[in-house]
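Engineer: kindly generate the corresponding structure for this input.
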Amino acid sequence: MYNGQWRIWTSENKLVGVSYVLEWSPANEKPWVGTVLIHPVFQCKGYGRKILAMIGDELHQRGHKALFAACPINQDPWLQFLGKCGFQQFKVEKDDTTSKEYMITVKPLL
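Structural biologist: Okay, the predicted model is just below:
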């Protein structure tokens, strides 16, 4: 990953999901998860957690100490998933142009 990278994740030659990670964000100079999408057939089977763990391991090996993710505050399933993956609430931000609130989460990379 140099900056932003899309990745396709497979298992036994079957498409499991896709992810986008920004290794360096201009906002805080830290890595951010842009998205993790898991094919419906593979949802709730641990693939999302494994993907985020592998992303975190790779970033940690390159010297990063934390990984950030954000989503609209009303997306409870995604926030619960992030919590199960080790992300913690960092802060809530409001987009002044749309009045939407976003939960910013962070996961320490150990």
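Engineer: which stretch of helix or strand covers A70?
Structural biologist: Using DSSP states H and E, the secondary-structure element containing A70 is strand 66-72.
Engineer: check K50 too.
Structural biologist: Assigned by DSSP H and E, K50 belongs to helix 47-61.
Engineer: with G83 instead?
Structural biologist: Of the helices and strands defined by DSSP H and E, G83 is found in helix 76-84.
Engineer: could I have the next helix or strand after that helix exported to PDB, CA atoms only?
Structural biologist: Under the assignment DSSP H and E, the closest C-terminal helix or strand after helix 76-84 is strand 88-94. Taking C-alpha atoms only, strand 88-94 is exported to PDB below (Å, rounded to 0.1, in the frame of the first residue of the first chain):
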ATOM      1  CA  GLN A  88     -12.800   2.000  19.900                       C
ATOM      2  CA  GLN A  89     -14.900   5.100  19.700                       C
ATOM      3  CA  PHE A  90     -12.600   8.100  19.200                       C
ATOM      4  CA  LYS A  91     -15.000  11.000  18.600                       C
ATOM      5  CA  VAL A  92     -18.100  12.100  16.700                       C
ATOM      6  CA  GLU A  93     -17.800  14.600  13.900                       C
ATOM      7  CA  LYS A  94     -20.500  16.500  12.100                       C
END
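Engineer: with that, I have no additional questions.
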